[in-house]
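Trainee: Please work out how this folds:
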Amino acid sequence: MGLVVAGERSGVGKTTVTLALLAALQRRSGSVQSFKVGPDYIDPMFHTQVTGRPCRNLDPVLTSEAYVQHCFAKHSQDASHTLVEGVMGLFDGASGSEDWASTAHIARLLDLPILLVLDCSRLSRSIAAIAHGYTTFDPRLQFAGLVLNRVGSDRHLALLQSALAPLNIPILGILHRDDGITLPDRHLGLIPTAELPHFNTIVDQLAQLGEQCFDWPALLPYLGGEGGNFIDRRDAETQREEGEGEKGRGERGKGKGGDHIHSSTHPLIHPSTHPPIHSSTHPLIHSSTHPPIHPSTDSDCDRPRSGLQLLLRG
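Mentor: Here you go, the predicted structure:
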């Protein structure tokens, strides 16, 4: 099987999360294959340096959908674990009217669940609206869970967990804010690994971060183990059509034991179970009755805290 690391937008920490996962997996098995959505050449340098295997680009614009599927199958078949890093926001593709060449497009094309990275640094309960929107926007997508990035205090984490609880989406990673791991960037993205003399030290830090911050018993099934209780929001008709199409394409290469989960053993969670909140039931709050909140009275969730701050561009 495999897992797609996606973000709600650029800069949320996709690359940091991906590298931490890759570094920890490399320590565990030594056989990890990574992929990068789009034509980016800098992020794959980091992947390759961490895993010791060439990172492969998945770009249907410069190649084709068939090539993307073939490339993934060919290069993941002999790896113990497989990970795909997305590009920009989950639904950002080659145009504004559709998601062609986006991370969502690749996830559907490869039939892989998504690990959604959320930047929690400047919000609390609003995180639930973001998570709800992203996980229900396209009912054809499957979600393994969430990674909460740039979390502040323990109180901040409690607020986030309380807000997300009604959505029943697993939280598979929690990364706190800290300046300890920082990779410099410039106009094209991250500075290449060849220009970072202490990169091996950073990789060790990333591996330690990966071991400590993720729910490995829940993650490993998606990365090449058995099982995997992902949230499949596709309706039954869509799944049936995609299943029939899959028979014609033949068996794709998978990691060891990477069998798909069937809905008979893991009931689907549909968007209908998480209906949107309409304004008719929640009247607007006007500023005349609720004056703006100034920084001096705001909650402490935005104050700098010790923890792990991930500054890599996603």
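Trainee: tell me the mean pLDDT for the helix or strand hosting residue 43?
Mentor: Following DSSP states H and E, one finds residue 43 within helix 42-51. Looking at helix 42-51 alone, the average pLDDT works out to 92.
Trainee: what's the helix or strand just after that helix in contact with?
Mentor: Once helix 42-51 ends, the next helix or strand along the chain (criterion: DSSP H and E) is strand 56-58. Outside strand 56-58, the residues within contact range by CB atoms under 8 Å, 6 or more residues apart in numbering are 33-41, 44, 68, 71-72, 75, 84, 106, 110. Quick note: C-beta positions are derived from backbone N, CA and C, even for glycine.
Trainee: what's the answer for stretch 95-110, then?
Mentor: Defining contact as CB under 8 Å, 6+ apart, one finds that stretch 95-110 is touched by 2, 4, 6, 37-38, 58-61, 65, 68-69, 72, 84, 86-94, 112-114, 138, 140-142, 252.
Trainee: among these, which are in helices?
Mentor: Members of the contacts of stretch 95-110 lying in helices (criterion: DSSP state H): 65, 68-69, 72.
Trainee: Can you lay out those residues as TSV showing distance to residue 215, neighbour count and pLDDT?
Mentor: Below are these laid out as TSV (distance: CB to CB, whole Å; neighbours: other CB atoms under 10 Å; pLDDT from 0 to 100):
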residue	distance to residue 215	neighbour count	pLDDT
65	32	15	98
68	29	22	98
69	29	20	98
72	25	24	98
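Trainee: Going by distance to residue 27, which of those residues wins?
Mentor: residue 72 (23.8 Å; CB to CB).
Trainee: what does the strand or helix carrying residue 160 contact?
Mentor: Here residue 160 sits within helix 154-164, counting by DSSP H and E. Contacts with helix 154-164, where a contact means CB under 8 Å, 6+ apart, come from 120, 124-128, 131, 146, 148, 151, 171, 174, 300-301, 305.
Trainee: Endpoint to endpoint, stretch 58-65 covers what distance?
Mentor: 9 Å (CA to CA, to the nearest Å).
Trainee: Can I have the buried ones of the contacts of stretch 95-110 as a ChimeraX selection?
Mentor: With 16 or more other CB atoms under 10 Å as the criterion, this ChimeraX line picks the buried residues out of the contacts of stretch 95-110:
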select :2,4,6,37,38,58,59,60,68,69,72,84,86,87,88,89,90,91,92,93,112,113,114,138,140,141,142,252
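Trainee: Which members of the contacts of stretch 95-110 are positioned in strands?
Mentor: 4, 6, 37, 58, 84, 86-89, 114, 142 (DSSP state E).
Trainee: Save those as a markdown table, and put in distance to residue 199 and pLDDT too.
Mentor: Shown next, in a markdown table, are the ones in strands among the contacts of stretch 95-110 (distance: CB to CB, whole Å; pLDDT from 0 to 100):
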| residue | distance to residue 199 | pLDDT |
| --- | --- | --- |
| 4 | 25 | 98 |
| 6 | 25 | 98 |
| 37 | 23 | 98 |
| 58 | 24 | 98 |
| 84 | 22 | 98 |
| 86 | 23 | 98 |
| 87 | 22 | 96 |
| 88 | 25 | 95 |
| 89 | 27 | 97 |
| 114 | 28 | 98 |
| 142 | 34 | 97 |
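Trainee: Just name the closest of those residues to residue 24, please.
Mentor: residue 84 (16.5 Å).
Trainee: Contact partners for that closest one?
Mentor: 2-5, 34-37, 58, 72, 106-107, 110, 112.
Trainee: Show me the helices in the chain, by range?
Mentor: Using DSSP H, helices in the chain cover 14-28, 42-51, 65-76, 103-110, 126-136, 154-164, 199-213, 216-223, 236-249.
Trainee: Tell me which of these approaches residue 178 most closely.
Mentor: Closest of those to residue 178 is helix 199-213, at 9.3 Å (criterion: CB to CB).
Trainee: Against which helices or strands is the closest one packed?
Mentor: helix 14-28, helix 42-51, strand 171-176 (3 or more CB pairs under 8 Å, 6 or more residues apart in numbering; DSSP states H and E).
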